[in-house]
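Here is a sequence together with a model predicted from it:
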Amino acid sequence: MANNEALAGAYLAKGTIGNVGMPGAPIVEFSLVVVPSTHTVSGTVYISQAIENGNYTGQVTGTIYATGLGSVTQVVAIHGAVTPASGIMPIEIPFEAHMAIDNSWNGTGGFSYGATHVENVPVKPTN
């Protein structure tokens with residue numbers, strides 16, 4: 001398969017993982033280029049939390065697979081490293097996230113970075 005053919009079905013997926021609207025809850029905003037033909041995703045994440053030094057940003061890569069499990073049509077796993085968005089501390093923290101979603105990117109997921117671990121939270125698409 002030519003490289004152009006492999007990328008022909010690629011699309012951009014943007015959304016959030018977390019309890020948006022809950023005070024103090026960490027929220028992950030993602031922007032991912034999805035290439036279904038190669039089962040790959042890559043892009044950026046931005047983590048926001050209303051605490052001092054609570055915002056992080058980073059690059060991620062991962063996988064996407066079809067499930068055939070009712071309303072959960074896809075599973076996504078991403079990983080990478082995030083750094084404080086302030087740029088003050090040049091430290092990299094491992095980041096991982098997982099999502100069980102439908103074709104519109106609605107579903108449930110979780111993520112972890114540093115000492116923060118969040119499970120069973122909404123995944124929602126954004127425009």
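Sure, I can see it.

From the chain's centroid, how far away is the helix or strand where Val82 lies?
Element membership for Val82, per DSSP states H and E: strand 72-84. Relative to its parent chain, strand 72-84 has a centroid offset of 4 Å by Cα atoms, centre = their mean, to the nearest Å.

again with stretch 100-114
Worked out by Cα atoms, centre = their mean, stretch 100-114 lies 7 Å from the chain centre.

OK, contacts around Val82?
Taking Cβ atoms under 8 Å, 6 or more residues apart in numbering, we find Val82 in contact with 45, 47, 56-58, 92-93, 95, 113. In this view, the C-beta of every residue, glycine as well, is placed from N, C-alpha and C.

tell me the centre residue of this protein?
Phe30 (4.6 Å; Cα atoms, centre = their mean).

now that one: how far from Gly18?
11 Å (Cβ to Cβ, to the nearest Å).

Leu69 too?
Leu69 is 23 Å from Gly18, by Cβ to Cβ.

Pick out whichever of these two has more residues nearby.
Between Leu69 and Gly18, counted using other Cβ atoms under 10 Å, the more crowded position is Gly18 (23 against 10).
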